[in-house]
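Asks: Please work out how this folds:
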Amino acid sequence: MNVRMIGIIYSISRMYRKRHIEFSGFQICGQSIAHQHFARYFSAWNTHSLWNSFDLQNARKYFRMTLAWTAYISYFIGRVYDDAINLVAPFAIIPSHPICFLGLGYDTNGTDNATNRFLDDFQSRIFLPYRKDFQPIVIPDVHNATDLTTDEGWGCAIRSTQMLVAQSISSIRLGRGFRLSSATHAQAGIVSDIVWRFADIPDGELSIHRIVRFGAERLDKVPGTWFGPSSSAVAIANLWSPSDRIGCIYIGDDFTVTRDIVDALDTHPDGIIMLIALRLGLDAINLSEYKNHLVRLFQNPLFQGMVGGDGMRAFYIPAVSESYLYYLDPHVVYPAITHTDNIQERTVWMRAPFRMRWERLDPQISLSFAISSRSEVDDLFAFMRTSILFNVVDTRPIEPVWVDDLSDDDDGQNAGNTSRTTYV
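Replies: All right, here's what the predicted structure looks like:
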C-alpha cells in the first residue's frame, strides 16, 4: 500500500467520523480525528537532503530517519486499519466475545438485546470533547498575549481525563445504574452540575484554563502544548476543591498507602476518587504480562475507566474485550460551555464507542477508582494486592522514596525521540 492510497483511506475515515450529530438538549454525536500529523510527518522529509553526500554522519542521520519513518508508517497503517473497522463494521456485541464495561459484563447469544443495553449504558457516560470560542487562556508573566480560544489539536489528554473524573463523580453521586434514557429531572440536574465543574471559563474549578495554568506554573508546560495522562491527572487532583464532600487523590506509579486513603475518606464523607498513573513499558506494553491484569480492572465495580491512547491521540476508555479497547474520542470540536443556561444545550453524548486493538495501546496510562465507604476501601485494596499493576503498603515508608519528576519526556514531549508519546 503506497502513501497516496493511505492518504485516500485516511480522508474517507475522517468523513465517517463527522456523521450523526444532533443539536437538541442533550446531544448524541459522532467524532472526528486529528489529521495534522499526517501532513506534518511526511512533509518533514522535504527538509532533509541526505542523498548528496552519504558519509558516516549522514548515514547515522539516515538510519535514525529510517527508524522514524518506519514508526510513523506503522502507526498510520494501524490507525487507518482501526478507523476502517469503525467505518465498515458498526458496533455490535458478538457472541462469545463479551465486553467488560466498568464492572458490568455484556455478552450475547445472538438473539437478545445486549447491544442495545450496552449502548444505553454507553450513551450515559459524560462526553467532554474539544471546545472552541472560550475566553483566551491568559497566564500573567507566562503567556500574556495568547490567542488560545480552543484546545483543538493539543487538549485531548486533558479532555479524556476530565471525562474520567466526570464518570468517577457520576458513579458516586448517581450510581453505576444511572441511565440517561430514564433520568429523572433531579438526575439531569446532577449531570449538569457535574458538567459545569469542567466549564470552559477562567475560574471554572476544573476548566481547561486552570489546568493549563497549573501546567505552566508547576509542570513547565507552555500553554497550547500537549499534556499526557499523568500530568492531566496531577493537575486535576491539585485543583480539586478541598472543601468538596468528594475528595480526589493522585497516586504515582510508586506505591499506594492505605492509611492515606482511609484518612481522606474521613475528610470527604461522600467518597474518594483515586487517580493512578502507570507506565507499563518504554515503547510498548508487554501484553502477555499486563493484558489480563488490565482486563480485570474493567471487571471491578469500583473501577471508573482509563485514559490512554495510541501514541499520538488520547482517549477515555471505559470498556474492553479480548480484542479491543472501546473509547470515547474527544477529537471533535463543539462550542464552549461558558454559562449555566447553555449547559444542556451544549452537553454532547457519543452514540457508540470506537474500537482500538490492544496492540496499539501506548504504555502510559492513568486510571480511576471511586470509593464511598470503608468496606469499599477494604475491597479495593484486597483487589489491588492481587494485581501486578499496583504496589500497596499500609504505611508510608520511613526511608525517602524518590519519584521521577513529571518531565516532558514522561508525557512524551521529547520531539527527538522517535518512540515518544504525543497526545493531541
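Asks: How about the contacts made by the spatially closest residue to G103 that is not a sequence neighbour?
Replies: Among residues not flanking G103 along the chain, P301 sits closest, at 3.4 Å (Cβ to Cβ, 6 or more residues apart in numbering). Where you see a C-beta, it was placed from the backbone N, CA and C, and this is true even at glycine. With contact taken as Cβ atoms under 8 Å, 6 or more residues apart in numbering, P301 is in contact with 102-104, 176.
Asks: Mind checking which of those residues are buried?
Replies: For the contacts of P301, a burial check counting by 16 or more other Cβ atoms under 10 Å picks out 102, 104, 176.
Asks: hang on, isn't the second one packed against D121?
Replies: Yep, that's L104 we're talking about. Yes. L104 is within contact range of D121, at 7.1 Å (criterion: Cβ atoms under 8 Å).
Asks: Going along the chain, name the helices of the chain.
Replies: Per DSSP state H, the chain carries helices over the ranges 3-16, 36-43, 56-88, 114-122, 156-174, 185-196, 208-218, 229-239, 258-267, 287-299, 343-346, 374-384.
Asks: Run the angle between the fifth one and helix 208-218 for me.
Replies: So the one you mean is helix 156-174. For helix 156-174 against helix 208-218, the angle by axes from the mean of the first three to the mean of the last three Cα atoms, to 10 degrees is 120 degrees.
Asks: Off-centre distance for helix 156-174?
Replies: Centroid separation between helix 156-174 and its chain, computed with Cα atoms, centre = their mean, to the nearest Å, is 10 Å.
Asks: Pull out the buried positions in it.
Replies: 156-174.
Asks: if we can go back for a sec, which of the buried ones among the contacts of P301 lies closest to V138?
Replies: Using Cβ to Cβ, L102 comes nearest to V138 of the buried ones among the contacts of P301, at 37.4 Å.
Asks: Return the per-residue confidence for the residue nearest to that closest one when sequence neighbours are not counted.
Replies: Among residues not flanking L102 along the chain, P318 sits closest, at 5.3 Å (Cβ to Cβ, 6+ apart). With respect to pLDDT, P318 has a value of 98.
Asks: ok, how many other residues are close to P318?
Replies: By other Cβ atoms under 10 Å, 24 other residues sit near P318.
Asks: Could you report the separation of it from R259?
Replies: Between P318 and R259 the computed distance is 30 Å (Cβ to Cβ, to the nearest Å).
Asks: do the same with A89
Replies: In this view, A89 and R259 are 48 Å apart by Cβ to Cβ.
Asks: ok so, going back, can you report phi and psi for the residue nearest to G103?
Replies: P301 has phi and psi values of phi -70, psi -20 when expressed as degrees, to the nearest 10.
Asks: which residues of the stretch 251-400 of the chain score low on pLDDT?
Replies: By pLDDT under 70, the low-scoring segments of the stretch 251-400 of the chain are 253, 398-400.
Asks: With the stretch 51-200 of the chain instead?
Replies: Within the stretch 51-200 of the chain, the stretches with pLDDT under 70 are 51-56, 62-63, 67-69, 71-72, 74-76, 78-79, 81, 86, 143-145.
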